[in-house]
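Enquirer: Okay, predicted coordinates and the sequence, questions at the end:
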Amino acid sequence: MTDCQFCNFIEQKTNVLFSDESVVVMLSPQPVAGGHLLVLPKKHAPIIEVVPDDVVGRLFSAANKAGVAVFEALGAQGTNILVQNGPSAGQVYNHVLLHVIPRFEGDSVELLWTPKQASEDELSQIAEKLTQKETVNVEKKKDASDDVSEDDLRVKHLLRIP
Amino acid sequence: MAVEQQCVFCQIASEKIPAKKVYDSEEIIGVLDINPGVPGHVLLLPKKHVSILPQMDDEITSKIGKAVKEVSKNLIRSLGVDGTSIFVANGVAAGQRAPHVIIHVIPRKEDDGLQLQLKDVVEGSVAKKNIDKLASAVAKQFGAEPVNVDTAGISEETGEFEDDSETNEQSDDKKSDLDDIADLLTGGK
């Protein structure tokens, strides 16, 4: 038994519908709709950023397949895929979870936001921050807290979640 | 070819319509949403037209996953936020409005006012018949043997096995056709 509820579910095969060497598909223990599935990495990881690249690829591929299964088995009219990556995004458990949620016209699931218009200036500023060259980032790493410690802080924060 | 000309997102992906590009690979482009939920909201798009994610080639879907990880990391590093919401809507019923697959990667911080969050857990909502169907459908997608749901440790807490025949009939009647769902999007635009 580990501290991670989902690692325990995986080991005990609780609610698990499929697993291979890197991904697991299971019924959500807290469904927001009937047939709500979870796709997760078999090996423990608290956030997407620390999941190895090849596993991330397999997770999204698996989530897509789980979505097709939902369409076929439940006659769903739509599916949502959602990852709540970090506590401010609503993450509660410290294991990466890709939610695959069946949707029907007029159902009670609410997954939306209010779009706001962004100014050209704002967009330009943000685009610049996001496209700064690697060399500049490397320099920044030497000056300020680097990415590794940022990751560590988030991971530690998530590990504190009961 | 006509689809690509009519699809705004294909135009954006091929840079015929200008957008703020923040990710670029052979198959995938990432641009800033001009009507973001919060500043820094990124839209990841396959460059080749696909209407809904279930119709996307498996290889591209894997690459989308890696792009999501990279963009998420970049948002956190560059904008000083501490999380991201990653979201896809497949089908009008799921909130899809664009006729082209979009993976949203949205920077998140505490009290940002973005409502996008799971809530309202439903109690005991899946009839056993549907769990069986789902187990078979999942197995089929992965080319595996279906799990025996009776012994899969499906807990009482997950879903009381309702014997609601009315619900079952409705599920049987709702035949989903992914092509129809995709057409709803392209036809409506």
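Expert: Arrived safely, thanks for sending.
Enquirer: where does chain B dip in pLDDT?
Expert: Applying pLDDT under 70 to chain B picks out residues B:1, B:123-126, B:149-176, B:186-189.
Enquirer: could you pull out the strands for chain B?
Expert: Assigned by DSSP state E, the strands in chain B fall at B:21-24, B:28-32, B:42-46, B:83-90, B:103-108.
Enquirer: So the helix or strand encompassing residue A:61, near chain B or not?
Expert: Using DSSP states H and E, residue A:61 falls within helix A:53-74. Yes - for helix A:53-74 and chain B, the contact criterion (C-beta under 8 Å from any C-beta of the partner chain) is met by A:53, A:56-62, A:64-74. Where C-beta positions appear, they are placed from N, C-alpha and C, glycine not excepted.
Enquirer: The nearest residue to residue A:47 once chain neighbours are set aside - how many residues pack around it?
Expert: Nearest non-adjacent residue to residue A:47, counting by C-beta to C-beta, 6 or more residues apart in numbering or on different chains: residue A:85, 5.6 Å away. By the criterion of other C-beta atoms under 10 Å in any protein chain shown, residue A:85 has 30 neighbours.
Enquirer: Identify the residues contacting residue A:85.
Expert: Neighbouring residues of residue A:85 by C-beta atoms under 8 Å, 6 or more residues apart in numbering or on different chains: A:47-49, A:91, A:96, B:72, B:83-86, B:108.
Enquirer: Quick check: phi and psi on it?
Expert: Backbone torsions of residue A:85, given as degrees, to the nearest 10, read phi -100, psi 90.
Enquirer: Report the beta-bridge partner residues of it.
Expert: Note on residue A:85: beta-bridge partners by DSSP bridges are residue B:84.
Enquirer: Report the residue ranges of every domain in chain A.
Expert: Domains of chain A are assigned by automatic domain parsing as A:5-103, A:120-160.
Enquirer: ok, residue A:39 - contacts?
Expert: Residue A:39 neighbours (C-beta under 8 Å, 6+ apart): A:23-25, A:59, A:62-63, A:66, A:97-98, A:100.
Enquirer: what about it, which SS state?
Expert: In three-state terms, and counting by DSSP: H, G, I helix; E, B strand; the rest coil, residue A:39 is strand.
Enquirer: Stretch A:23-36: which residues count as buried?
Expert: Under the neighbour-count criterion of 16 or more other C-beta atoms under 10 Å in any protein chain shown, stretch A:23-36 has A:23-29, A:31-36 buried.
Enquirer: Now find how far off-centre it is within its chain.
Expert: In terms of C-alpha atoms, centre = their mean, to the nearest Å, the centre of stretch A:23-36 is found 14 Å from the chain centre.
Enquirer: Now do the end-to-end distance for that stretch.
Expert: Terminal residues of stretch A:23-36 are spaced 17 Å apart (C-alpha to C-alpha, to the nearest Å).
Enquirer: Tell me which residue of chain A lies closest to chain B.
Expert: Across chain A, no residue is closer to chain B than residue A:86, which sits at 2.1 Å (C-beta to the nearest C-beta).
Enquirer: Report the contact partners of the residue lying closest to that residue once chain neighbours are set aside.
Expert: Closest residue to residue A:86 apart from its sequence neighbours, by C-beta to C-beta, 6+ apart: residue B:83 at 2.1 Å. Applying C-beta under 8 Å, 6+ apart to residue B:83 gives the contacts A:47, A:84-89, A:91, A:154, B:76, B:107-109.
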